[in-house]
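Fold the following for me, if possible:
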Amino acid sequence: MKILSIQSAVTHGHVGNSAAVFPLQRIGVEVLPVYTVNFSNHTGYGAWRGPMIAPDDVRDVITGVEERGVLPQVDAVLSGYQGGEGIADVIIEAVAKVKAANPDAVYACDPVMGNAKSGCFVAPAIPELLRDRVVPVADIITPNQFELGYLTRTEPGDLASTLDSVDAAMAMGPSVVLVTSVERPERAEGTIEMLAVDAQGAWLVATPHLPLKANGSGDVTAALFTAHYVQTGDAKVALERTVSSVFDLLQNTLDSGERELQLIQSQETYANPRLQFTAYQVR
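Numbers count the residues shown, from 1 in each chain. The predicted structure is shown next:
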C-alpha cells in the first residue's frame, strides 16, 4: 500500500508528516511524504524558524513523482494542516492526478482548523477554503467535533446532533467521516469518544480522557485511520485499531512527562494494537 502524504515537516517533535510517516511505515505502508513547510518545531511553541514552502515548489515535487510513473501505485492521498492558501490548489490537483492514474485511489483530508478550547488557529481564509473547495473532493475526512460543526454550519453536541452533522458533511462529498474529540454531554464521566461513519453504519468508541494536550496526535489518528480503512473497508475495525494505538501513544507520552509525542518509543502500539477498546454501533 502507498500513501502520498502532503503535510508539514518539523525537525524537533512530531506533527504533520513528522508525526504521520513513521506510524504508517510501522504498519507496512509505503509513504511518499511531500512537505508544505520545513519548520524547526511546531507553532505551538510560539516561536519557530524555517520556511513555508511555496505552492509551486510543492507542486514541482509532486510532478517529479508523477514523472517517475509512481502515481498509478498510490492508494491514497492524505493531507493535514494547510499553512498557506495556495496549498489547497496543489492538493486538489494532486488528488485529480492520482485518481486519473488509479481510479480506486481515495483522498483523506484532515481539515485542521482548531478546537473547541482554543478556537480556530489557522489563517483566516483556510476554514472557508477547506469547507468550500477541499472537503467536497475528499472521500474520507477526519475532523474533530469543533471542525465538523464549522464545516457543516451546525452545532454538534449530543449523539443525535453529531450524527446529523456527519450526514451534512457526507452530503458535501465524503463517504467516510471520522469525528475525533467527541464530547457529548451524555458520555460517561472522564471519557472522550471517537465516531466513525460510513455507508454501512456508525460506530462510537470511548476511552479515558487523558490530561494532556499533545500536538500531532490528530495527525497520527488521521494517518492510521486512513490506512486501516483503505486496507479493510471496515469502519469498526479501523476505528478500534486507531483508537488503541493512539491512546497508548498518548498514555506513553503522559507517563514520560515530555511535551512531544513519544512517537518512536510507542512503535509497538501501531504494529500490534492491543485492541483494548470496543466500538459499538449507534446507527
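
ok, which stretches of the stretch 101-250 of the chain are helices?
Using DSSP state H, counting those that start in this stretch, the helices of the stretch 101-250 of the chain run over 126-129, 145-152, 159-171, 217-232, 235-256.

Need the ones you listed in TSV (columns: mean neighbour count).
All C-beta atoms are positioned from the backbone trio N, CA, C, and that covers glycine. Below are the helices of the stretch 101-250 of the chain laid out as TSV (neighbours: other C-beta atoms under 10 Å):
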stretch	mean neighbour count
helix 126-129	18
helix 145-152	23
helix 159-171	18
helix 217-232	25
helix 235-256	21
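
weakest of those helices by average pLDDT?
Averaged per stretch, pLDDT over the helices of the stretch 101-250 of the chain is lowest on helix 126-129, reaching a mean of 83.

Only the C-alpha atoms, please, for that helix, written as CSV.
Extracted in CSV, the C-alpha atoms of helix 126-129 (Å, rounded to 0.1, in the frame of the first residue of the first chain):
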residue,chain,number,x,y,z
ILE,A,126,-8.2,28.4,5.4
PRO,A,127,-11.5,27.3,7.1
GLU,A,128,-13.7,28.6,4.2
LEU,A,129,-11.2,27.1,1.7
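
Not counting it itself, show me its contacts.
82, 85, 88, 113, 120, 150 (C-beta atoms under 8 Å, 6 or more residues apart in numbering).

pLDDT check: weakest of those?
residue 120 (59).

which one is residue 13 nearest to, not counting chain neighbours?
residue 260 (4.2 Å; C-beta to C-beta, 6 or more residues apart in numbering).

Low-confidence regions, the protein specifically.
115-123 (pLDDT under 70).

Tell me where it has strands.
2-10, 30-39, 76-79, 106-109, 114-115, 119-120, 140-141, 176-182, 191-198, 201-208, 280-281 (DSSP state E).

picking up where we left off before, tell me which of the helices of the stretch 101-250 of the chain sits nearest to residue 106.
Comparing the helices of the stretch 101-250 of the chain against residue 106 with C-beta to C-beta, the closest turns out to be helix 217-232 (6.2 Å).

now for the closest one, which elements pack on it?
Applying 3 or more C-beta pairs under 8 Å, 6 or more residues apart in numbering; DSSP states H and E, we find helix 217-232 packed against strand 2-10, helix 17-26, strand 76-79, strand 106-109, strand 140-141, strand 176-182, helix 235-256.

Leaving out sequence neighbours, find the closest residue to residue 225.
Leaving aside its sequence neighbours, residue 225 sits nearest to residue 242 (C-beta to C-beta, 6+ apart; 4.5 Å).

any idea how far that neighbour is from residue 50?
Residue 242 is 30 Å from residue 50, where distance means C-beta to C-beta, to the nearest Å.

Ok, residue 134 next?
Residue 134 is 24 Å from residue 50, where distance means C-beta to C-beta.

what's the answer for residue 199, then?
For residue 199, the distance to residue 50 - C-beta to C-beta - is 42 Å.

on that earlier part again, deepest of the strands of the chain, which one?
Among those, ranked by average contacts under mean count of other C-beta atoms under 10 Å, first place goes to strand 76-79 (a mean of 28).

Just checking: what are the partner strands of it?
Strand 76-79 has its sheet partners listed here by DSSP bridges as strand 2-10 (parallel), strand 106-109 (parallel).
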